[in-house]
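>>> Sequence first, then the predicted structure:
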Amino acid sequence: MIHRRKFLLTGLLMGASQSHAESIGFELQPAQPHVLGDGMAYAQAYRASAQAVIAVIVNRLALPFPSARMLVFEDHAAFEAALIEHLKLSPEVAKTTASFAKAAVGPGHLLLNHPAMQTIGQEEQLITMAHEMTHLVQAALNGGRALWRYHWLTEGFAEWVAFRVVYELGAADFSLQRQKMLIQVRPIWQAGQLARLEQMDRFDEWVKVRAARGFNATYPFAFFAAEFLIERHTLPQVTAYFRAFSQSTNAANNFQVTFGETLQDFQLDLNVQLKKLFQL
Ligand SMILES: [Zn+2]
C-alpha cells in the first residue's frame, strides 16, 4: 500500500514575468541538485517539480533515476538548437519537434521548452515532466540503450508512471484522469480502430498510427495496455523487462523471457480486458 502524501505545488510552475535571453541548466540528481545558472523563479520552480517527481520515482516506485542535466529554454529557437546539440537530432527533425514539443529527453538530458510549457496548466506540466523523466528511468534500467522496439510499452509505461507520480504528489486525481482517458479511447475501440500492439512496435510505426488514428489511439491507449501488463505481472516485472535490454536488444525475446508469454498471448488477453474497460 502506497500512502498518498500531498506536496504543495501551487506556484511552483509559475512562468517568468520577464523574458530572458539565456537558458538555465542545472544538474538533476536525487539529492541536492546544483544550480549552474542564475536562479530565476521559473527555473527554480521546474527544479522543485523535478525534485518532487524524482522523490516519488525513487522512493515510492523503487525505480532508479540517473544523474541528468535539465535545461530550460526560453524560446523555440534555443530549444531547437539544443535538440540538435544534445539529442543529436537532424536540423530538419529538430525544427519539426521544436514547433510542438514541450519537452524532450535524450542521453543524460531533459530539455524543457518553456514557452510551450506555458501553454498548458500546472497539472499537465507536471505530467509532461514526469513522462519525460520516466524515459530517463528507462535509460537507467537498460544501460542507456535506445528503446527502438515495442514502442507502445516504452510510451505506455511513461504515461502510467507519469499519472501515478502526479497522483502520489496530490496534484491530480488518478481515477478522474483515468476516466478521462477511458472516454478518449472508447470511441476508437468501438470503431474497431485500435491498433494491435505489434503495429506500434518501431518508432516510425508509432508515429504512423498516431498520424492515421489520432493521439488518443496512441498515448492514452498505451496507458491502458501498460496498466494491464503491470496488473498482470507487477511493476518489478515490468522494470525487469526494461533492465533486460542492457543484455539484449531483442524485444520479443525480452518480453517472453520476462513475462513468460509472447506478445500475441498478451494481446489476446488485452483484447478481453479492453472489452471490459470500454463496453458500456
Ligand atoms: Zn514519451
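Yep, that arrived. Values in this document were obtained by computation on a predicted structure and should not be read as measured data. Residues are numbered from 1 along each chain as shown.

>>> so the nearest residue to K88 once chain neighbours are set aside bridges to which residues?
Using Cβ to Cβ, 6 or more residues apart in numbering and skipping the chain neighbours, the partner closest in space to K88 is G106 (7.2 Å). Bear in mind the C-beta positions are built from the backbone N, C-alpha and C, glycine included. G106 has these beta-bridge partners by DSSP bridges: H109.

>>> Break this structure into its domains for me.
Per the record, the chain has its domains at 24-142, 151-278, by automatic domain parsing.

>>> buried sites along the helix of greatest length in the chain?
With secondary structure taken from DSSP state H, the chain has its longest helix at helix 122-142. Buried residues in helix 122-142, counting neighbours by 16 or more other Cβ atoms under 10 Å, are found at 122-123, 125-142.

>>> who does that helix touch, helix- and strand-wise?
helix 41-55, strand 103-106, strand 109-113, helix 151-168, helix 235-244 (3 or more Cβ pairs under 8 Å, 6 or more residues apart in numbering; DSSP states H and E).

>>> Following the first one in sequence, what is the next regular element?
What that stands for is helix 41-55. Counting by DSSP states H and E, the element after helix 41-55 in chain order, helix or strand, is strand 68-73.

>>> Tell me the strands beside that following strand, with direction?
In the sheet containing strand 68-73, its partner strands are strand 24-28 (antiparallel), strand 109-113 (parallel), by DSSP bridges.

>>> In terms of mean pLDDT, which of those strands ranks lowest?
Least confident of the strands paired with strand 68-73, judged by mean pLDDT, is strand 24-28 with a mean of 51.

>>> quick one: the helices in the stretch 151-280 of the chain?
Taking DSSP state H, counting those that start in this stretch as the test, the helices found in the stretch 151-280 of the chain are 151-168, 174-190, 203-213, 219-233, 235-244, 251-259, 263-278.

>>> With respect to burial, which of these scores highest?
Of all the helices of the stretch 151-280 of the chain, helix 151-168 carries the top mean neighbour count, a mean of 24, counting by mean count of other Cβ atoms under 10 Å.

>>> mind listing what the residue most central in space within the chain touches?
Nearest residue to the geometric centre of the chain (Cα atoms, centre = their mean): H131, 2.2 Å. Residues in contact with H131 (Cβ atoms under 8 Å, 6 or more residues apart in numbering) are A158, E159, V161, A162.

>>> Give me every residue in this protein lying close to the ion.
E155, A158 (Cβ under 5 Å from the ion).

>>> Quick check: which ranges of the chain have low pLDDT?
Low-confidence segments of the chain (pLDDT under 70): 1-40.

>>> try it again with 80
Scanning the chain for pLDDT under 80 picks out 1-44, 146-148.

>>> quick one: S246 and L141 touch, right?
Yes - applying Cβ atoms under 8 Å, one finds S246 in contact with L141, separated by 7.3 Å.

>>> you'd agree A139 is up against H109?
No - with contact defined as Cβ under 8 Å, A139 does not count as touching H109 (10.4 Å).

>>> out of everything not next to it in sequence, what's closest to P236?
A62 (7.7 Å).

>>> Any idea how many residues pack against the one you found?
Each residue near A62 was counted by other Cβ atoms under 10 Å, and the total is 10.

>>> check contacts around it.
A62 neighbours (Cβ under 8 Å, 6+ apart): L235, P236, T239.

>>> Please report how far the last one lies from V72.
Yep, that's T239 we're talking about. Taking Cβ to Cβ, to the nearest Å as the criterion, T239 is separated from V72 by 29 Å.

>>> what's the answer for the first one, then?
As judged by Cβ to Cβ, L235 and V72 stand 30 Å apart.

>>> Over to K276?
K276 is 42 Å from V72, by Cβ to Cβ.
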